[in-house]
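In: need a 3D model of the sequence below.
(chains A and B)
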2 protein chains.
Amino acid sequence: VLAFSSGNHAQGVAYAAALHGVQATIIMPADAPQAKIDNTRFYGAEVILYDRKGGEDRNVIGARLQEDRGLPLIKPFDNADVIAGQGTCGLEIAQQAREAGIERAEVLACCGGGGLSAGIALALEADAPQMRLRTVEPEGFDDTARSLAAGEICRNTGPEAGLCDAIVTPAPGQLTFPILNRLAGAGIVVSDDEVRAAMRAAYAHLKLVVEPGGAVALAAALYHGAELEGDTAIVTLSGGNVDPDLFADILRG
Amino acid sequence: VLAFSSGNHAQGVAYAAALHGVQATIIMPADAPQAKIDNTRFYGAEVILYDRKGGEDRNVIGARLQEDRGLPLIKPFDNADVIAGQGTCGLEIAQQAREAGIERAEVLACCGGGGLSAGIALALEADAPQMRLRTVEPEGFDDTARSLAAGEICRNTGPEAGLCDAIVTPAPGQLTFPILNRLAGAGIVVSDDEVRAAMRAAYAHLKLVVEPGGAVALAAALYHGAELEGDTAIVTLSGGNVDPDLFADILRG
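Out: Modelled structure (predicted):
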C-alpha cells in the first residue's frame, strides 16, 4: 500500500500493514518531525522523503510510484474506511460516558482534514445522540471552522506548515465535510500559545506526552469554555509524536 | 494527618485527605522537585518546607507538630495500610496478566523503602504465585539489593540525594524487609544513565512522562535482561513528577 502523510497517518498505515504482513510505502515531507519519520520506519515501512519547501510535489512522486509498483493509495482522511476506523474513538467515548453516567456533552476533536471528527460525529449520532461533536483547529488553519460557518468548503490560504503539523491540512475533505456540516457544532479555533499551555498541562497533570496537533482540543477545553454549551466537555488527545527539542522548548515556556 | 515526604507519598496523602475531607500537613524538603511541592499544595495540603541541606531535622519539626496539633503521622512505606494500598497494584497486575494469558513472569518494581515492592509481592503470593517480585534501585542507593543478598537490613552510606529522588531512602523498612526477604528475587541495580535512557524510551514509545525514580524498573527491563529469568517481564512505572527543566535536559540526552 502507498500513503502520503506528514506523520500520524504514516505510522497508522505502517503499523496496520505490519500487522497484516503487507509492505507499506509512505511518502513524507523531509521536514516532518524526525520522531514521526523514525517511528514509521520502526514499523517496517519504506519511507520516501520529498522536499516540500523546495517545491517537490508529492502527488507527482505518488503517481509515479502507483504506476511503477501498482500500489493502492490510502488517503489520510478522505477515505470511508479511515473515517470508520477513527470513528471507533467515538464508540469508546459513547461507551465510557455511559459507564460514567454522562448523557449530554460537547465532544472536542482535534481537526485537520476531518477524518477523526467525522468518524466520531457518526459514532455519536448512532450511540450517543445527545452529544455533539466540536472541531478544534489552530489559528491560521481554521478551514473547517470557516467551512462550517459558510456551509461550504473553504480553503486555507496562509502558510503550509505550523506548530500543529499533524492537522495543517488545506481544506476539509469531500467525504468528511458533508458529515461535519450535518452533525458538528461551530468550529473552535485556538492559538499556538494556548496549544503550548495545554501541552504543559498534559505534562504536569496527566503525565502524558501530547503533540501540538493532538493538544488543540485540550486547549479549547481549558481556554474556550465560553464557547461550549452545557457543563460537560469530553476531550480527545490524539498523537504524541513531538521531537524532543521542541517538547523541551515548550516545557520551558 | 501529618506526613513526611519528598514527593509522591506527599501527593498521595494530600489527595486521600482531600477525598475524605481531612486536613493534611506535609513536611517536605525545600529542595524537593517543585512539581511535587506544587501538586501537593494543589490538593489542598499545608506544606511545611525544611532546609535538609542546611541541617534542619524533619523529625524534630514533625515531633513538634504532632505534639502541638495532635496529628497522626502517616509513614511513607513502613505502614501496613500503605503497603496494602500499594499492593492493589499487584492485584491489578495479577488480573491483567490472567486476562493476557500470562502465568509466569518477573515483576519489576521501583524500590525505595519497599512499600510498593512488598505490597506487590504479597498480592502476587495470593493471586499469581508463579510470578516473582524483583526490586529495582538506582546505583548508590541499593540498600534493598544488598539487604536481600545479606538476609538482613543494610543501610546506604553515600549521599542523601540523587537523580531518582523518590526512592533514595536510607534502608528498607522494618515491615517491608521481612516481606521482601521472604518473597522477592535478587535485587537489580541500574545506573543513572540507564534511567535517563528509559525515560526517553517512555517518552518516545509510550508517550508517558515518567520521573527518574519511577523509571528504574523500565531501565532494568531494557538493560538488565540477562538478570531476569524466563522470557516475560512486567514493569511498573510509578510517578511522573519531574521538573520541566530536568525533563527537558534528559530529553536532549
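In: what count of nearby residues applies to the residue in the stretch 51-200 of chain A positioned nearest to chain B?
Out: Nearest to chain B, among the residues of the stretch 51-200 of chain A, is A:Arg200, at 7.5 Å (Cβ to the nearest Cβ). Any C-beta I mention is one placed from the backbone N, CA and C, and that applies to glycine too. Counted with other Cβ atoms under 10 Å in any protein chain shown, the burial measure for A:Arg200 works out to 16 neighbours.
In: give me the next element, helix or strand, following the strand or helix carrying it.
Out: Applying DSSP states H and E as the criterion places A:Arg200 in helix A:192-201. Past helix A:192-201, heading to the C-terminal end, the next element that is a helix or strand (DSSP H and E) is helix A:216-223.
In: rewinding a little: kindly calculate the angle that the helix holding A:Arg200 makes with helix A:216-223.
Out: Angular relation of helix A:192-201 and helix A:216-223 on a 0 to 180 degree scale: 90 degrees, by axes from the mean of the first three to the mean of the last three Cα atoms, to 10 degrees.
In: my guess is A:Ser191 contacts A:Phe141. True?
Out: No - between A:Ser191 and A:Phe141 there is no contact under Cβ atoms under 8 Å: 11.7 Å.
In: which residues does A:Lys36 contact?
Out: With contact taken as Cβ atoms under 8 Å, 6 or more residues apart in numbering or on different chains, A:Lys36 is in contact with A:6-8, A:10-11, A:28, A:241.
In: quick check, nearest of the residues you listed to B:Leu116?
Out: Sorting those by how near they are to B:Leu116, with Cβ to Cβ, puts A:Asn241 at the top with 30.9 Å.
In: helix, strand or coil: sort out that closest one for me.
Out: Reducing the assignment at A:Asn241 to three states with DSSP: H, G, I helix; E, B strand; the rest coil gives coil.
In: my read: it touches A:Gly213, true?
Out: No - taking Cβ under 8 Å as the definition, A:Asn241 is not a contact partner of A:Gly213, at 9.3 Å.
In: okay, and the common contacts of these two?
Out: With contacts defined as Cβ under 8 Å, 6+ apart, the residues adjacent to both A:Asn241 and A:Gly213 are A:8, A:166.
In: excluding sequence neighbours, find me the nearest residue to the closest residue to chain B within the stretch 1-150 of chain A.
Out: The stretch 1-150 of chain A approaches chain B most closely through A:Ala35 (6.6 Å), counting by Cβ to the nearest Cβ. Closest residue in space to A:Ala35, ignoring its immediate chain neighbours: A:Asn241 at 4.7 Å, by Cβ to Cβ, 6 or more residues apart in numbering or on different chains.
In: pLDDT at the one you found, what is it?
Out: Note on A:Asn241: pLDDT of 89.
In: I'd say A:Leu71 and A:Ile26 touch.
Out: No - counting by Cβ under 8 Å, A:Leu71 stays clear of A:Ile26, with 10.8 Å between them.
In: neighbour count winner among the two?
Out: In this view A:Leu71 and A:Ile26 are compared by other Cβ under 10 Å, and A:Ile26 has more residues nearby, 27 against 16.
In: the more buried one against A:Ala45, yeah?
Out: Yes - between A:Ile26 and A:Ala45 there is a contact at 5.0 Å, judged by Cβ under 8 Å.
In: who touches both of these two?
Out: A:10, A:13-14.
In: what is the helix or strand A:Thr88 falls within packed up against?
Out: When secondary structure is defined by DSSP H and E, A:Thr88 falls within helix A:80-99. Counting contacts by 3 or more Cβ pairs under 8 Å, 6 or more residues apart in numbering or on different chains; DSSP states H and E, the secondary-structure elements packed against helix A:80-99 are strand A:105-110, helix A:115-127, strand A:131-138.
In: and those as JSON lines, adding distance to chain B?
Out: As requested, these are arranged in JSON lines below (distance: least, Cβ to the nearest Cβ, whole Å):
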{"stretch": "strand A:105-110", "distance to chain B": "15"}
{"stretch": "helix A:115-127", "distance to chain B": "17"}
{"stretch": "strand A:131-138", "distance to chain B": "19"}
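In: thank you kindly, that will do.
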